[in-house]
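Asker: What follows is a predicted protein model with its sequence.
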Amino acid sequence: MNKNKEQLLNKRYKAEQRFRLYGLSAIFMALLFLTIFIFKIFSTGYSAFQKTWLIVPVTFDAELMMLDQNPSKEDLQDADYYDIALKSMADLDPKANEDQENELKRMVSYFFEKEIKNELLNDPNLIGKTKEVYLTASDDLDQVFKGNYPRDLPEDQRRVSDYQLKIFDQLVANGKVESKFNISFFTNADSREAELAGIASSFMGSIFSILVCLMIAFPVAVLAAIYLEEFAPKNRFTDFIEVNINNLAAVPSIVFGLLGLGVLLAIFQLPRSTPLVGGITLSLMTLPTIIIAARASLKAVPPSIREAALAMGASRMQTTMHHTVPLSMPGTLSGTIIGLAQALGETAPLILIGMVAFVNTIPGSPMDPAASLPVQIYIWAESAERGFVEKVSACIMVLLGFLIIMNLFAQIIRHKFEKKWS
Amino acid sequence: MIKIKAKDVDVFYGKKQALYNISLDIEENQVTALIGPSGCGKSTFLRCLNRMNDVIDICSVKGEILINDFNINDKSCDVVRLREKIGMVFQKPNPFPKTLYENVSYGPTIHGMAQSKQEMDEIVETSLKKAALWEEVKDRLHEPGTGLSGGQQQRLCIARAISVRPEVILMDEPCSALDPIATAQIEELIDELKKEHTIIIVTHSMAQAARVSQNTGFFHLGQLIEHGSTDKIFKNPDNKKTQDYITGRFG
């Protein structure tokens, strides 16, 4: 009898140990995947925050720029910079033939003319003088400099020619290639050229979409939740509504995209590709999430508080507005932020309403065309150039950073404003 | 003087009947205790008196309850005004998660009873004094009410209830969550309050009923078995069931 009991006890302990082991290994697996994921993104993406510059001596030859003596500011604006830009690049190799000169030109971005122009506009005294100017390296050379480019491929399979590599290596040896923090990644809109592409348009697009989404979804969802939880009679009809709100939360997001396309764009004729339409579409998606969170936090307010207020002679409305709703706010708000974070990462519905269009301007309002961060990731991931690979990861990092900040905010709200009641 | 007159009150939760034909008179400025085993309907009856049962969707109340000769189950009765006149203290202390001051001033605020901040301060002070809590909390009126001890919280709830000067105070087992010392304080308080208010108290403790009340009603299985003066109920009850319950043979 006693021995049996001991065996049973041992068995129970063993079972518990096994269970703990399973749990630990599950957590370990999850952490492992997460680490691999984050490591992969960071290792590919971190280099996108650096940008390679070629330092090229530019001679600001007034004649080549077709400038008269003592040019005014407007003259400088209208001057022709293409020739001096071309000449500066060609001068990197005095012995270059015409083809090679062309190749030299392609070592920098097509933006080089403008970069030279800005240099002169900043300092008009440079006319007639020579100055070393920082020019954005082409995305391929950028990748070469960062060591991401397979130099040992046969030449006809590379976008960088042997000649370009030779000149580039000379520049590197002379210290004329520099890597600096890539500000333009944050200030530029999208571009077909990887070295110039930035997230400003999609970042602003995301912010505008989220704001529109918040302004529509939050009041509607909170009012719906308050009505359903505090005022609506409990009958079949409200049960039906409740079930359908839960169903709505499970509808695939692309369906909301179709709705946006069919109703907002086709019927209401709202402007395509704008954060306004994106935000409205996302708000439909966020609505059920916020309603569910708000109802849960209203339910969590102890009934004794409602009874106390009612027994004091407060009307139902006063009870709700003075006591229940304020007490439920922390939960509602953190649910809202989590809903918004979901909306922020949503891609499919935005593609359908046209926010996938190539936008190379930074939107100033929700009515301007824009992309959004996840859609930007999608656009870049589809691009063939090598330079976009790191951009995809960098954009993911920005998006993840954004999401982490939002979730952190939700946690803070929940902890700081949650009132304890006995 | 009879303050409240219940006539043939039936209460249903859905199809289930919880109270059968309750008729009970409650004397003004006295303490009436409602006793009986758990689930006998005494709290349900108490909640009929300020129509708190309205909150429960499936609950329906039939019969007449006359307060000052006015039937509160009548359609013309405004529950907000009714509850202003009939305060309630619950089983578990349930102060609002706000400051002490806000807890007590809430009722007077929503009923517009104070014209100025000064008047409100006075109401808060007198209410807390009447609830025998003033001395303990006068220095921390702007701290959260949930930070008090259980007994203090319950007295805060009493202060909150009397802040609107109700004619009747309903107490639903106000001491069941409290220790004996806090219970004694509340009982003393009840004795004091009955000078100005009519008090109806539901209690599980027969000793408490005997100590604080002048009248007692005994409920069993949704029926009012017997009611009368506390002396008579405890010393010489007419009904065998009452006798058994009082002497502890069931319940």
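Answerer: Cool, got the structure. Predicted, not measured: the structure shown is a model, and the values here were computed from it.

Asker: make it CA atoms for all contacts and neighbour counts henceforth
Answerer: Fine.

Asker: Could you report the neighbour count for A:Ser72?
Answerer: A:Ser72: 11 surrounding residues under other Cα atoms under 10 Å in any protein chain shown.

Asker: Then A:Leu8?
Answerer: The number of residues packed near A:Leu8 is 12, by other Cα under 10 Å.

Asker: in chain B, which residue is closest to the centre?
Answerer: Centroid check for chain B by Cα atoms, centre = their mean gives B:Leu170 as the closest residue, at 1.6 Å.

Asker: next one: chain A
Answerer: A:Leu373 (3.1 Å).

Asker: And that residue, how close does it get to A:Ala249?
Answerer: Distance, A:Leu373 to A:Ala249, by Cα to Cα, to the nearest Å: 23 Å.

Asker: Which single residue of the stretch 201-350 of chain A ends up nearest chain B?
Answerer: When scored by Cα to the nearest Cα, the stretch 201-350 of chain A has A:Gly313 as its residue closest to chain B, at 4.6 Å.

Asker: show me where pLDDT drops low in chain B?
Answerer: Counting by pLDDT under 70, the ranges of chain B that qualify are B:251.

Asker: those helices in it, which residues are they?
Answerer: Applying DSSP state H to chain B gives helices spanning B:42-49, B:79-85, B:100-110, B:117-130, B:134-137, B:150-162, B:180-193, B:206-212, B:230-235, B:240-246.

Asker: quick one, which of those helices is nearest to A:Cys213?
Answerer: A:Cys213 sits nearest to helix B:100-110 of all the helices of chain B, at 35.7 Å, using Cα to Cα.

Asker: Do any residues in the closest one lie close to chain A?
Answerer: Yes - interface with chain A: helix B:100-110 contributes B:Gly107, B:Ile110 (Cα under 8 Å from any Cα of the partner chain).

Asker: so how far is that helix off the chain centroid?
Answerer: In terms of Cα atoms, centre = their mean, to the nearest Å, the centre of helix B:100-110 is found 19 Å from the chain centre.

Asker: If we go by neighbour counts, what in that helix is buried?
Answerer: Going by neighbour count (16 or more other Cα atoms under 10 Å in any protein chain shown), the buried part of helix B:100-110 is B:Leu100, B:Tyr101, B:Glu102, B:Asn103, B:Val104, B:Ser105, B:Tyr106, B:Gly107, B:Pro108, B:Ile110.

Asker: how close does the spatially closest residue to B:Asn68 that is not a sequence neighbour get to B:Glu27?
Answerer: Nearest non-adjacent residue to B:Asn68, counting by Cα to Cα, 6 or more residues apart in numbering or on different chains: B:Lys3, 5.9 Å away. Distance, B:Lys3 to B:Glu27, using Cα to Cα: 5 Å.

Asker: Show me whatever sits in contact with both of the two.
Answerer: Common neighbours of B:Lys3 and B:Glu27, using Cα atoms under 8 Å, 6 or more residues apart in numbering or on different chains, are B:Thr198.

Asker: What is the nearest of the buried residues of helix B:100-110 to A:Leu403?
Answerer: A:Leu403 lies nearest to B:Glu102 out of the buried residues of helix B:100-110, by Cα to Cα, at 38.4 Å.

Asker: what about the nearest residue to the closest one once chain neighbours are set aside, neighbour count?
Answerer: What sits nearest to B:Glu102 in space, not counting adjacent residues and going by Cα to Cα, 6+ apart, is B:His142, at 8.0 Å. Counted with other Cα under 10 Å, residues neighbouring B:His142 total 14.

Asker: Now for B:His142: which residues touch it?
Answerer: Going by Cα under 8 Å, 6+ apart, B:His142 touches B:Thr99, B:Leu100, B:Tyr101, B:Glu102.

Asker: and the helix or strand in which A:Val133 is found, which strands flank it?
Answerer: If you go by DSSP states H and E, A:Val133 is part of strand A:130-136. The strands that strand A:130-136 pairs with in its sheet are strand A:50-59 (antiparallel) (by DSSP bridges).

Asker: Send over the partner strand as PDB, restricted to the C-alpha atoms.
Answerer: C-alpha atoms of strand A:50-59 as PDB (Å, rounded to 0.1, in the frame of the first residue of the first chain):
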ATOM      1  CA  GLN A  50      24.700  54.100 -44.400                       C
ATOM      2  CA  LYS A  51      25.100  55.800 -47.700                       C
ATOM      3  CA  THR A  52      28.200  55.800 -49.900                       C
ATOM      4  CA  TRP A  53      29.500  59.000 -51.400                       C
ATOM      5  CA  LEU A  54      32.100  59.600 -54.000                       C
ATOM      6  CA  ILE A  55      34.200  62.700 -53.500                       C
ATOM      7  CA  VAL A  56      34.700  64.200 -56.900                       C
ATOM      8  CA  PRO A  57      36.500  67.500 -57.700                       C
ATOM      9  CA  VAL A  58      34.200  69.800 -59.600                       C
ATOM     10  CA  THR A  59      35.400  72.800 -61.500                       C
END
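
Asker: same question for whichever helix or strand comes after it, mean pLDDT?
Answerer: Following strand A:50-59 in sequence order, the next helix or strand is helix A:73-78 (DSSP H and E). What helix A:73-78 shows for mean pLDDT is 81.

Asker: can you check stretch A:269-285 too?
Answerer: On average, stretch A:269-285 scores 92.

Asker: Can you list the buried residues in that stretch?
Answerer: Going by neighbour count (16+ other Cα under 10 Å), the buried part of stretch A:269-285 is A:270-285.

Asker: Max pairwise distance over these: which two?
Answerer: It's A:Pro271 and A:Met285 that sit farthest apart of those, by Cα to Cα, at 19.9 Å.

Asker: how about the helices in the stretch 251-400 of chain A?
Answerer: Ranges of helices within the stretch 251-400 of chain A are A:253-259, A:275-299, A:303-311, A:316-318, A:325-344, A:348-352, A:373-382, A:387-417, based on DSSP state H, counting those that start in this stretch.

Asker: So what touches the first one?
Answerer: Spelled out, that is helix A:253-259. With contacts defined as Cα under 8 Å, 6+ apart, helix A:253-259 is touched by A:Thr281, A:Leu282, A:Leu284, A:Met285, A:Glu346, A:Ala348, A:Pro349, A:Leu350, A:Ile351, A:Leu352, A:Ile353.

Asker: Return it as CSV; C-alpha atoms alone will do.
Answerer: Coordinates of each C-alpha in helix A:253-259 appear next as CSV, following Å, rounded to 0.1, in the frame of the first residue of the first chain:
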residue,chain,number,x,y,z
SER,A,253,-8.4,42.1,-44.4
ILE,A,254,-8.4,41.9,-48.1
VAL,A,255,-12.2,41.8,-48.0
PHE,A,256,-12.2,45.2,-46.4
GLY,A,257,-9.9,46.3,-49.2
LEU,A,258,-12.5,45.1,-51.8
LEU,A,259,-15.1,47.0,-49.8
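
Asker: buried stuff in that helix?
Answerer: A:Ser253, A:Ile254, A:Phe256, A:Gly257, A:Leu258, A:Leu259.

Asker: Please tabulate these in TSV, including the columns pLDDT.
Answerer: Shown next, in TSV, are those (pLDDT from 0 to 100):
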residue	pLDDT
A:Ser253	90
A:Ile254	91
A:Phe256	92
A:Gly257	92
A:Leu258	93
A:Leu259	91
